[in-house]
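Student: predicted model, plus sequence, below.
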Amino acid sequence: MSEDSCVPSSVEEEEEDGEKEKEREKLPPILTSSNTAAGGFERGDKSQFSTFSSFISTINQKKEASESSNSPTQLVIPNIKNVRDLPPLCLDVRQKHRISIDTVPPELKAPVPPEPSLPIRNKTLKDFHEDMEKAKSSGDWKTVHGFYLTTFDSFLELNAAFKKDVSLPFNTIEDSGINAKFVNTVYDALLNTPQDIQKCVLKGIINGLLQEWKGPRTKDDLRAYCILLQNPQFSNTSTYVIYAHLLRQIATLAEVDHHFLAHWFKKISQKRFKQLVDRLLQFISLRLFPAKPEEFPPMIKCTWWIPSATKVLALFNAANTLANPAVIPYTDFYNSTLDHIDLMEEYHNWQCYGNSHRFSFCQYPFVISIAAKKVIIQRDSEQQMINMARQSLVDKVSRRQRPDMNMLFLNVKVRRMHLVSDSLDELTWKRADLKKKLKVTFVGEAGLDMGGLTKEWFLLLIRQIFHPDYGMFTYHKDSHCHWFSSYKCDNYSEFRLVGALMGLAVYNSITLDIRFPPCCYKKLLSPPIVPCDQNTPVGNSNVTLEDLCQIMPELAHGLSELLSYEDNVEEDFYSTFQVFQEEFGVIKSYNLKPGGDKIPVTNQNRKEYVQLYVDFILNKSIYKQFAEFYYGFHSVCDSYALMLLRPEEVEILVCGSPELDMYALQRNTQYDGYLKTDLTIRYFWDVVLGFPLDLQKKLLHFTTGSDRVPVGGMADLNFKISKSETSTNWLPVAHTCFNQLCLPPYKNKKELKQKLIIGISNAEGFGLE
């Protein structure tokens, strides 16, 4: 069977004139649900290669369907048209990338091929252990060699050896039927066997991959792929050619098969799951930047390697998303190697070609680190700033007006006594300039904004807007976060100001001291691109009881108790489908559904009641407020780059990361009037590095205005310690606008520690400046 059948016709013609590839690199034709050739993975080649976003949407649909159906095996191949294919970059078609996946007609349902009969293999885990012990003690590996030779000879043999019960089909998403303990033991022992045994395993895998498939895969085939993928031999670069072909076959499986694999993958133990993800990431990294290029075929002959591996990695990411809680943190899917490629080329390819024509890592944003995404967003922002400034310059010249430097910036002039109203007016009047570089001027004050005034404006404005007396947001002490006030009013424009502030902060790389719950950022990306139709609802996400718990833990606990209550809910709670809220001293009731005041909450409908209650609190009751907030944010951050972000990543971009590394801060600190070897500085770091986490956070908040770290880490803080010539009886002073700490030359460590703790524990904002 020739590789020719797996590549485009242009490659076929070249291979007809060239020499044939080695036998083990040949692959049979691969049948997929879209009849796409494997060669369609190559960069620049058009194909119906289903993207991760399309796959995730399909997985979620099927997950919902499987929960509501008694027959989880009745799966339908969905329409694989990409959900988030990017349209041309023009406003009137911006929403065309959000195409829903519809169920295809019954005649296109995936046929279920009959499972072939498996050979009977009676080897147990105990038998294998005994064989290994005998081989190690005697040096006779014949029995072990025979086991590995037989087991890995074909997909059928793999199932015969590792299937829990060969008489059962195991054709549901709930149970793969794989004896995971036996598989793990056999693989753990493999690397400690003689080389001839390890070679026979690889030869058997090659034979299995070379099998000519005459129809859709069976569940036994999927089990074999799942088992082979866990082979630890694939960590060695010498096996990468075989590994790549295995990945290609898995990547080109039908969507319905991917659905099964994703659900099976989520059952793998955390340790093994992490190993498989790391192996795939290493494979991608070494293909991009090989330590020994001669170890691999030329890139032009294996351009499908990276797309195939990334697609399989997407299956693991989908499995991680399906698992509750996640098997591993989402950050474990980041590939830091991608920080060193031309990210903007990837981004522009994605913008220009969408998800269906040319491979780009932006199609699979879960592998791109938050630092790399920040670079993309910043450069995209800078380009938009340049475009806006250039357009302003052209407009001035065309009207024969004299251009000046101010036209290149978003110039905000405010009075300190009217900070909120002036800021709202300025951002409203200068809406067309929001994508220019921000410069702030305080009326009546001399000073050139080199970044300090901008940060001070943000700090003062956020502090005033989020004050409880202002009434826009409610602070919840139990969860230590703010949430939107549900009070009704005639004008919600100030919520648009807060959204614009967050957008400007991201746009201008400013970290804000804002405490919103995670679901706020989930709502902010619902959808990630502003709809063209103004009547389309925005900011409404699928919220859960867990989301409510992050804001109002007591209320969430009460609703959870209702769900688990074992006695008669209707008689004991005597509740209806209503919500009661206090507004300006008046208790008002709202129906959760039509006629809700007459519908009692019972044991049968309490799940619906809780879901409607949560949706009302987090979506409906604050819809107008959040819609203005949403439009304000997207009036600045109007970029396709937002589609690359998870809600958690938006939070990090706005507020910074909560992970502190004080040693990194020490390495990157600058000094003015001190040397890092001075006694006072040595005292300072001895004290700070010995602080508990809460005091370290207070120090960071005292000196920078936030207890979080920018995406780039401590190095991006530009933290400075300056020598204060005041008396040592004074407390330290901070200039948060410049991330600067003014430290008197205290005589001993005890005095420095005492004064520092007093300073950072009793200062709020500019209290001690």
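Tutor: Looks like it arrived, so ask away.
Student: so where's the stretch 101-250 of the chain shaky on pLDDT?
Tutor: By pLDDT under 70, the weakly predicted segments of the stretch 101-250 of the chain are 101-116, 212.
Student: for it, which segments count as helices?
Tutor: Ranges of helices within the stretch 101-250 of the chain are 125-138, 142-151, 155-162, 180-190, 195-209, 219-228, 240-251, based on DSSP state H, counting those that start in this stretch.
Student: got CSV for the ones you listed, with mean neighbour count too?
Tutor: All C-beta atoms are positioned from the backbone trio N, CA, C, and that covers glycine. Output for these, formatted as CSV (neighbours: other CB atoms under 10 Å):
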stretch, mean neighbour count
helix 125-138, 13
helix 142-151, 17
helix 155-162, 22
helix 180-190, 17
helix 195-209, 17
helix 219-228, 23
helix 240-251, 23
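Student: got those as CSV, with distance to K430 columns?
Tutor: Below are these laid out as CSV (distance: least, CB to CB, whole Å):
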stretch, distance to K430
helix 125-138, 71
helix 142-151, 71
helix 155-162, 65
helix 180-190, 61
helix 195-209, 61
helix 219-228, 57
helix 240-251, 49
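Student: which one of those lies nearest to A500?
Tutor: Of all these, helix 240-251 sits nearest to A500, with 42.2 Å by CB to CB.
Student: and the closest one, what does it pack against?
Tutor: With contacts defined as 3 or more CB pairs under 8 Å, 6 or more residues apart in numbering; DSSP states H and E, helix 240-251 has these neighbours: helix 195-209, helix 219-228, helix 270-288, helix 305-322.
Student: which residues of the protein score low on pLDDT?
Tutor: 1-116, 212, 355-357, 447-451, 763-769.
Student: give me the most central residue, it.
Tutor: The residue lying closest to the centre of the chain (CA atoms, centre = their mean) is R646, at 4.1 Å.
Student: what does that one show for phi and psi?
Tutor: phi -80, psi 160 (degrees, to the nearest 10).
Student: wait, it touches F333, no?
Tutor: No: between R646 and F333 there is no contact under CB atoms under 8 Å: 10.6 Å.
Student: what segments of the stretch 651-769 of the chain are helices?
Tutor: Ranges of helices in the stretch 651-769 of the chain, per DSSP H, counting those that start in this stretch, are 662-668, 679-689, 693-704, 749-762.
Student: can you lay out these as TSV showing distance to N236 and mean neighbour count?
Tutor: Shown next, in TSV, are the helices of the stretch 651-769 of the chain (distance: least, CB to CB, whole Å; neighbours: other CB atoms under 10 Å):
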stretch	distance to N236	mean neighbour count
helix 662-668	34	15
helix 679-689	41	17
helix 693-704	41	20
helix 749-762	52	17
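Student: turn those helices into CSV, including distance to F316.
Tutor: As requested, these are exported to CSV (distance: least, CB to CB, whole Å):
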stretch, distance to F316
helix 662-668, 30
helix 679-689, 38
helix 693-704, 32
helix 749-762, 43
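Student: nearest to C481, of these?
Tutor: Proximity to C481, assessed across those by CB to CB, is greatest for helix 693-704 (15.7 Å).
Student: and the angle for that closest one with helix 749-762?
Tutor: Interaxial angle of helix 693-704 relative to helix 749-762 (axes from the mean of the first three to the mean of the last three CA atoms, to 10 degrees): 80 degrees.
Student: so which elements touch helix 693-704?
Tutor: Packing partners of helix 693-704 (3+ CB pairs under 8 Å, 6+ apart): strand 740-743, helix 749-762.
Student: from the opening residue of stretch 522-541 to its closing one, how far?
Tutor: End-to-end span of stretch 522-541 (CA to CA, to the nearest Å): 7 Å.
Student: just the buried residues of that stretch, please?
Tutor: Along stretch 522-541, these residues count as buried under the neighbour rule (16 or more other CB atoms under 10 Å): 522-530, 538-541.
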